[in-house]
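Undergrad: this is a predicted model, with the sequence first.
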Amino acid sequence: MSEERARRLRIAGRVQGVWYRAWMVGEAARLGLRGWVRNCRDGTVEALVIGPETALETMAELCRRGPPAARVASVEDAPAEDDGSRGFRQEATV
C-alpha cells in the first residue's frame, strides 16, 4: 500500500449549481479517497483530497472536466496537510 498524501484543490469556472460537490463525493468514494469538498462564496469549489498519489492525480484530472453541466476554467492543485478526515463528505459553504 502506498503512502497517503494530501492535496488542496480549488476549482474555478461554472462549478456551483451543477452538482459538482455531489459528483466529487462519488468520484472520491470510487477512488478510495478521504477528505471533503465545499462551495466558496467567491464562486469556486474547494476540496481537500487525501490518499495514494496515483488516486490524487486521477482525482485532479477528473476535476479538470467535472460533471456534465460544469464548465471548469482552472484547477489549482497544492500540497496540504492531512486533517484526519474519515471518508469523503460535503462541507458547508465558506
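TA: Looks like it arrived, so ask away.
Undergrad: can you show me the strands along this structure?
TA: 4-14, 34-39, 45-52, 71-79, 88-90 (DSSP state E).
Undergrad: what sits against the residue lying closest to Asn39 once chain neighbours are set aside?
TA: Leaving aside its chain neighbours, Asn39 sits nearest to Thr93 (4.4 Å; criterion: Cβ to Cβ, 6 or more residues apart in numbering). Every C-beta, even on glycine, is put in place using the N, C-alpha and C of the backbone. Residues in contact with Thr93, defined by Cβ atoms under 8 Å, 6 or more residues apart in numbering, are Arg38, Asn39, Cys40, Arg41.
Undergrad: from what I can see the second one touches Trp19, true?
TA: No. The pair formed by Asn39 and Trp19 falls short of the contact definition of Cβ atoms under 8 Å, at 11.7 Å.
Undergrad: show me the shaky parts of this protein.
TA: Residue ranges of the chain with pLDDT under 70: 1-2.
Undergrad: so for it, the centremost residue is which one?
TA: By Cα atoms, centre = their mean, the chain has its centre lying nearest to Ala47, at 4.0 Å.
Undergrad: among the strands of the chain, which comes closest to Arg64?
TA: Checking the strands of the chain against Arg64 by Cβ to Cβ gives strand 71-79 as the closest, at 5.3 Å.
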